[in-house]
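> Curious how this folds, go ahead:
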Amino acid sequence: MPIGVFDSGVGGLTVLKSLRAALPNQPFLYLADTANAPYGDRSVEEITALTRDALAHLFDRGCRLILIACNTASAIALRKLQQEWLPTLADGDSRRILGVFVPMVEAISGARWNSDGDPETAAAPAGRRRLLFFATAATISSGAFPREVAARVNGVEVIGQACPGLVDAIEAGDDAKAARFAQSACAEALARCGDFPPDTAILGCTHYPLAQPAFRAALPPRTNILSQPDITAVSLARYLERRPGFEENGADARLTRFLTSGDPDAVSALAERFWDEPARFEAA
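As a prediction, this is how the structure comes out:
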(Lines give C-alpha, C1' and ligand atoms only; values in the text may rest on other atoms or scores of the structure.)
Protein backbone atom coordinates (compact mmCIF):
# COMPACT_ATOMS: atom_id res chain seq x y z
CA MET A 1 0.00 0.00 0.00
CA PRO A 2 2.25 2.83 -1.20
CA ILE A 3 1.69 6.50 -0.51
CA GLY A 4 1.14 8.34 -3.78
CA VAL A 5 3.10 11.47 -4.67
CA PHE A 6 1.87 13.49 -7.63
CA ASP A 7 3.53 16.30 -9.55
CA SER A 8 3.04 17.70 -13.02
CA GLY A 9 6.71 16.94 -13.68
CA VAL A 10 9.90 15.72 -12.04
CA GLY A 11 10.37 18.65 -9.65
CA GLY A 12 8.32 16.78 -7.05
CA LEU A 13 11.28 14.43 -6.67
CA THR A 14 12.77 17.09 -4.37
CA VAL A 15 9.79 16.48 -2.06
CA LEU A 16 9.92 12.71 -2.48
CA LYS A 17 13.60 12.71 -1.49
CA SER A 18 12.75 14.36 1.83
CA LEU A 19 9.78 12.03 2.32
CA ARG A 20 11.98 8.98 1.92
CA ALA A 21 14.51 10.39 4.41
CA ALA A 22 11.76 10.99 6.97
CA LEU A 23 9.95 7.70 6.30
CA PRO A 24 12.63 5.21 5.24
CA ASN A 25 10.38 2.15 5.62
CA GLN A 26 7.47 3.54 3.60
CA PRO A 27 6.95 2.63 -0.08
CA PHE A 28 5.99 5.45 -2.42
CA LEU A 29 4.48 5.59 -5.90
CA TYR A 30 5.45 8.77 -7.77
CA LEU A 31 3.48 9.98 -10.79
CA ALA A 32 4.75 12.72 -13.09
CA ASP A 33 2.24 14.05 -15.63
CA THR A 34 5.01 15.14 -17.97
CA ALA A 35 2.84 14.64 -21.07
CA ASN A 36 0.75 17.62 -19.94
CA ALA A 37 3.39 19.69 -18.14
CA PRO A 38 3.83 22.49 -17.45
CA TYR A 39 0.58 23.21 -15.63
CA GLY A 40 1.40 26.87 -15.03
CA ASP A 41 0.10 27.98 -18.42
CA ARG A 42 -3.15 25.97 -18.27
CA SER A 43 -6.63 27.06 -17.23
CA VAL A 44 -8.15 26.31 -13.84
CA GLU A 45 -10.46 23.77 -15.45
CA GLU A 46 -7.61 21.98 -17.22
CA ILE A 47 -5.44 21.83 -14.11
CA THR A 48 -8.31 20.49 -12.03
CA ALA A 49 -9.21 17.82 -14.59
CA LEU A 50 -5.60 16.70 -15.09
CA THR A 51 -5.00 16.53 -11.35
CA ARG A 52 -8.19 14.53 -10.81
CA ASP A 53 -7.20 12.04 -13.50
CA ALA A 54 -3.73 11.63 -12.00
CA LEU A 55 -5.11 11.06 -8.50
CA ALA A 56 -7.62 8.54 -9.83
CA HIS A 57 -4.78 6.64 -11.48
CA LEU A 58 -2.82 6.51 -8.20
CA PHE A 59 -5.92 5.36 -6.31
CA ASP A 60 -6.38 2.61 -8.90
CA ARG A 61 -2.76 1.57 -8.30
CA GLY A 62 -3.49 0.91 -4.63
CA CYS A 63 -2.72 4.23 -2.94
CA ARG A 64 -5.13 5.39 -0.24
CA LEU A 65 -3.18 8.52 0.71
CA ILE A 66 -1.82 10.89 -1.93
CA LEU A 67 0.33 13.98 -1.49
CA ILE A 68 0.06 16.59 -4.25
CA ALA A 69 3.63 17.87 -4.39
CA CYS A 70 2.83 20.23 -7.27
CA ASN A 71 2.24 23.73 -5.87
CA THR A 72 0.13 24.75 -8.87
CA ALA A 73 -2.17 21.73 -8.48
CA SER A 74 -2.32 22.25 -4.72
CA ALA A 75 -3.24 25.90 -5.20
CA ILE A 76 -5.89 25.40 -7.85
CA ALA A 77 -7.31 21.88 -7.60
CA LEU A 78 -6.76 20.46 -4.11
CA ARG A 79 -9.63 22.02 -2.18
CA LYS A 80 -12.17 21.39 -4.94
CA LEU A 81 -11.14 17.76 -5.29
CA GLN A 82 -11.16 17.20 -1.53
CA GLN A 83 -14.61 18.70 -1.10
CA GLU A 84 -16.43 17.78 -4.31
CA TRP A 85 -14.74 14.80 -5.97
CA LEU A 86 -13.39 12.57 -3.20
CA PRO A 87 -16.80 12.14 -1.47
CA THR A 88 -18.26 10.85 -4.75
CA LEU A 89 -15.92 7.84 -4.81
CA ALA A 90 -17.36 4.58 -3.54
CA ASP A 91 -14.69 4.36 -0.82
CA GLY A 92 -13.86 8.04 -0.65
CA ASP A 93 -14.14 8.16 3.13
CA SER A 94 -11.14 5.82 3.41
CA ARG A 95 -8.93 7.88 1.10
CA ARG A 96 -7.08 11.15 1.68
CA ILE A 97 -5.56 13.87 -0.50
CA LEU A 98 -3.00 16.24 1.01
CA GLY A 99 -1.18 19.28 -0.36
CA VAL A 100 1.98 21.24 0.39
CA PHE A 101 0.53 24.56 1.58
CA VAL A 102 -0.74 23.75 5.07
CA PRO A 103 2.64 22.36 6.22
CA MET A 104 4.25 25.65 5.18
CA VAL A 105 1.63 27.68 7.06
CA GLU A 106 2.26 25.51 10.11
CA ALA A 107 5.97 26.26 9.87
CA ILE A 108 5.29 29.98 9.58
CA SER A 109 2.90 30.11 12.52
CA GLY A 110 4.47 27.52 14.80
CA ALA A 111 1.05 25.85 15.16
CA ARG A 112 -0.51 22.69 13.74
CA TRP A 113 -4.08 22.12 12.56
CA ASN A 114 -6.10 18.95 12.33
CA SER A 115 -8.08 17.80 9.29
CA ASP A 116 -11.10 19.87 10.42
CA GLY A 117 -9.08 23.08 10.43
CA ASP A 118 -8.99 23.35 14.22
CA PRO A 119 -5.71 24.21 15.98
CA GLU A 120 -3.92 21.36 17.73
CA THR A 121 -1.18 23.58 19.13
CA ALA A 122 -0.96 27.29 19.87
CA ALA A 123 0.35 29.70 17.27
CA ALA A 124 3.27 31.99 17.93
CA PRO A 125 2.34 35.50 19.18
CA ALA A 126 1.01 37.71 16.42
CA GLY A 127 3.24 40.45 15.11
CA ARG A 128 3.91 42.31 11.92
CA ARG A 129 5.77 40.07 9.52
CA ARG A 130 6.45 40.08 5.80
CA LEU A 131 6.77 36.89 3.79
CA LEU A 132 8.00 36.45 0.23
CA PHE A 133 6.36 33.62 -1.68
CA PHE A 134 8.14 32.66 -4.93
CA ALA A 135 6.09 30.45 -7.25
CA THR A 136 4.79 29.95 -10.78
CA ALA A 137 2.46 32.53 -12.29
CA ALA A 138 -0.53 30.18 -11.97
CA THR A 139 0.14 29.55 -8.29
CA ILE A 140 0.53 33.27 -7.60
CA SER A 141 -2.61 34.25 -9.51
CA SER A 142 -4.69 31.65 -7.63
CA GLY A 143 -4.15 33.51 -4.36
CA ALA A 144 -4.40 30.18 -2.52
CA PHE A 145 -1.32 30.49 -0.35
CA PRO A 146 -2.08 34.00 0.98
CA ARG A 147 -5.61 32.80 1.78
CA GLU A 148 -4.26 29.85 3.76
CA VAL A 149 -1.92 32.16 5.67
CA ALA A 150 -4.64 34.74 6.37
CA ALA A 151 -7.00 32.05 7.66
CA ARG A 152 -4.50 30.76 10.20
CA VAL A 153 -1.95 33.46 11.06
CA ASN A 154 -2.39 37.08 12.12
CA GLY A 155 -0.07 39.89 11.18
CA VAL A 156 1.64 38.27 8.20
CA GLU A 157 1.77 40.04 4.84
CA VAL A 158 2.45 37.74 1.89
CA ILE A 159 4.12 39.19 -1.19
CA GLY A 160 3.76 36.75 -4.07
CA GLN A 161 6.39 36.82 -6.79
CA ALA A 162 6.28 34.85 -10.03
CA CYS A 163 9.56 33.59 -11.46
CA PRO A 164 9.08 33.36 -15.24
CA GLY A 165 11.57 31.16 -17.05
CA LEU A 166 13.07 29.65 -13.92
CA VAL A 167 11.55 26.17 -14.23
CA ASP A 168 12.59 25.86 -17.88
CA ALA A 169 16.15 26.94 -17.07
CA ILE A 170 16.42 24.42 -14.24
CA GLU A 171 15.11 21.57 -16.38
CA ALA A 172 17.51 22.55 -19.17
CA GLY A 173 20.40 22.33 -16.72
CA ASP A 174 21.37 25.96 -17.39
CA ASP A 175 22.45 26.94 -13.88
CA ALA A 176 23.69 30.38 -14.92
CA LYS A 177 20.37 31.29 -16.53
CA ALA A 178 18.45 29.86 -13.57
CA ALA A 179 20.50 32.01 -11.21
CA ARG A 180 19.72 35.12 -13.26
CA PHE A 181 15.98 34.39 -13.22
CA ALA A 182 16.03 33.75 -9.46
CA GLN A 183 18.00 36.92 -8.77
CA SER A 184 15.71 38.97 -11.00
CA ALA A 185 12.65 37.68 -9.14
CA CYS A 186 14.27 38.50 -5.81
CA ALA A 187 15.14 42.02 -6.93
CA GLU A 188 11.58 42.66 -8.07
CA ALA A 189 10.10 41.28 -4.85
CA LEU A 190 12.48 43.24 -2.64
CA ALA A 191 11.69 46.46 -4.52
CA ARG A 192 8.07 45.98 -3.46
CA CYS A 193 9.09 45.63 0.18
CA GLY A 194 10.43 49.16 0.56
CA ASP A 195 11.93 49.80 4.00
CA PHE A 196 10.30 46.73 5.60
CA PRO A 197 12.41 43.71 4.60
CA PRO A 198 10.97 40.19 4.58
CA ASP A 199 11.77 37.92 7.51
CA THR A 200 10.91 34.72 5.59
CA ALA A 201 10.96 33.47 2.01
CA ILE A 202 9.29 30.34 0.64
CA LEU A 203 10.33 28.68 -2.61
CA GLY A 204 6.85 27.60 -3.64
CA CYS A 205 7.71 25.36 -6.58
CA THR A 206 9.25 21.90 -6.43
CA HIS A 207 11.98 22.97 -8.88
CA TYR A 208 13.15 26.00 -6.94
CA PRO A 209 15.23 24.20 -4.28
CA LEU A 210 17.76 23.51 -7.04
CA ALA A 211 18.20 27.29 -7.35
CA GLN A 212 18.25 27.97 -3.61
CA PRO A 213 21.88 29.20 -3.59
CA ALA A 214 20.90 31.94 -6.05
CA PHE A 215 17.90 32.92 -3.91
CA ARG A 216 20.11 32.92 -0.82
CA ALA A 217 22.66 35.21 -2.45
CA ALA A 218 20.00 37.68 -3.63
CA LEU A 219 17.95 37.92 -0.42
CA PRO A 220 18.91 39.79 2.77
CA PRO A 221 21.03 37.70 5.14
CA ARG A 222 18.35 37.83 7.84
CA THR A 223 15.64 36.49 5.53
CA ASN A 224 15.03 32.86 6.43
CA ILE A 225 14.40 30.55 3.46
CA LEU A 226 12.07 27.71 4.37
CA SER A 227 12.65 24.30 2.81
CA GLN A 228 9.31 23.14 1.46
CA PRO A 229 10.41 19.51 0.89
CA ASP A 230 11.75 19.08 4.43
CA ILE A 231 8.77 20.77 6.08
CA THR A 232 6.34 18.69 4.02
CA ALA A 233 8.14 15.49 5.02
CA VAL A 234 7.99 16.30 8.73
CA SER A 235 4.31 17.18 8.41
CA LEU A 236 3.48 13.90 6.64
CA ALA A 237 5.34 11.90 9.29
CA ARG A 238 3.25 13.62 11.98
CA TYR A 239 0.09 12.99 9.98
CA LEU A 240 0.83 9.25 9.85
CA GLU A 241 1.51 9.17 13.59
CA ARG A 242 -1.95 10.62 14.24
CA ARG A 243 -3.71 8.46 11.64
CA PRO A 244 -2.30 4.93 11.70
CA GLY A 245 -3.46 2.78 8.84
CA PHE A 246 -2.25 4.85 5.91
CA GLU A 247 1.38 3.79 6.27
CA GLU A 248 2.90 0.48 5.17
CA ASN A 249 5.96 -1.26 6.62
CA GLY A 250 5.89 -4.63 4.87
CA ALA A 251 8.57 -6.69 3.19
CA ASP A 252 8.65 -4.36 0.16
CA ALA A 253 8.57 -1.21 2.28
CA ARG A 254 11.69 0.27 0.68
CA LEU A 255 10.31 0.01 -2.81
CA THR A 256 9.76 3.29 -4.61
CA ARG A 257 8.31 3.27 -8.12
CA PHE A 258 8.14 6.04 -10.68
CA LEU A 259 5.40 6.52 -13.29
CA THR A 260 5.03 9.07 -16.05
CA SER A 261 2.43 9.98 -18.63
CA GLY A 262 5.27 10.96 -20.97
CA ASP A 263 8.30 9.22 -22.46
CA PRO A 264 9.82 7.06 -19.67
CA ASP A 265 13.36 7.22 -21.07
CA ALA A 266 13.35 10.99 -21.49
CA VAL A 267 11.82 11.54 -18.06
CA SER A 268 14.32 9.17 -16.42
CA ALA A 269 17.17 11.17 -17.92
CA LEU A 270 15.68 14.48 -16.77
CA ALA A 271 15.11 13.09 -13.26
CA GLU A 272 18.86 12.82 -12.72
CA ARG A 273 18.92 16.53 -11.83
CA PHE A 274 16.46 15.97 -8.98
CA TRP A 275 17.33 12.50 -7.70
CA ASP A 276 20.59 11.18 -6.22
CA GLU A 277 20.24 7.72 -7.70
CA PRO A 278 18.78 6.25 -10.91
CA ALA A 279 15.03 6.79 -11.13
CA ARG A 280 13.66 4.48 -13.77
CA PHE A 281 10.26 5.75 -14.84
CA GLU A 282 7.61 3.44 -16.24
CA ALA A 283 4.65 4.34 -18.46
CA ALA A 284 1.61 5.15 -16.37
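
> Low-confidence stretches in the stretch 1-150 of the chain?
Low-confidence segments of the stretch 1-150 of the chain, defined by pLDDT under 70: 111-127.

> Isn't A69 up against G9?
No - using C-beta atoms under 8 Å, A69 makes no contact with G9, being 9.9 Å away. The C-beta positions use only the backbone N, C-alpha and C, and glycine is treated the same way.

> of those two, who's got more company?
Ranked by neighbour count (other C-beta atoms under 10 Å), A69 and G9 place A69 first, with 30 against 25.

> do you know how far the residue lying closest to the more buried one once chain neighbours are set aside is from D174?
Excluding the flanking residues, the one nearest A69 by C-beta to C-beta, 6 or more residues apart in numbering is G12, at 3.5 Å. Distance of G12 to D174, computed by C-beta to C-beta, to the nearest Å: 21 Å.

> So for the two, which residue has more residues nearby?
The residue with more neighbours, out of G12 and D174 and counting by other C-beta under 10 Å, is G12; that gives 27 against 14.

> buried sites along stretch 43-53?
I47, T48, L50, T51, R52 (16 or more other C-beta atoms under 10 Å).

> re earlier: which residues do A69 and G9 both contact?
T206 (C-beta atoms under 8 Å, 6 or more residues apart in numbering).

> R216: what's its closest spatial neighbour, skipping adjacent residues?
I225 (6.2 Å).

> tell me the contacts of the one you found?
Counting by C-beta under 8 Å, 6+ apart, I225 touches T200, A201, I202, L203, Q212, F215, R216, L219.

> Neighbours of the fifth one, how many?
For Q212, the count of nearby residues is 14 (other C-beta under 10 Å).

> any idea what it is structurally, helix, strand or coil?
Recorded secondary structure, Q212: helix (DSSP: H, G, I helix; E, B strand; the rest coil).

> I'd say it and I202 touch.
No - judged on C-beta under 8 Å, Q212 makes no contact with I202 at a distance of 11.3 Å.

> quick one: average confidence on whichever strand or helix holds A201?
Counting by DSSP states H and E, the element that carries A201 is strand 200-203. Averaging pLDDT along strand 200-203 gives 96.

> How about the contacts made by the spatially most central residue of the chain?
Nearest residue to the geometric centre of the chain (C-alpha atoms, centre = their mean): A69, 3.6 Å. Contacts for A69 (C-beta under 8 Å, 6+ apart) come out as V5, F6, D7, G11, G12, V15, L16, V100, T206, T232.

> Of those - the most surrounded one?
If you count neighbours using other C-beta under 10 Å, the busiest of the contacts of A69 is D7, which has 30 neighbours.

> so which of the contacts of A69 comes closest to R238?
Distance to R238 across these (C-beta to C-beta) is lowest for T232, with 10.9 Å.

> now the strands: where do they sit in this structure?
For the chain, strands defined by DSSP state E occupy the ranges 3-7, 28-32, 65-68, 96-98, 129-135, 156-162, 200-203, 224-226, 256-260, 281-283.

> What is the neighbour count of G110?
The burial count for G110: 12, using other C-beta under 10 Å.

> Quickly note the distance from it to L240.
21 Å.

> now swap in A217 and tell me
For A217 relative to L240 (C-beta to C-beta), the value is 36 Å.

> Neighbour count: those two, which is higher?
More crowded of A217 and L240, by other C-beta under 10 Å: L240, with 17 against 11.

> contacting residues around the closest residue to the more buried one other than its chain neighbours?
Leaving out its chain neighbours, the residue that sits closest to L240 by C-beta to C-beta, 6+ apart is E247, at 4.7 Å. Neighbouring residues of E247 by C-beta under 8 Å, 6+ apart: I3, L23, Q26, L240.
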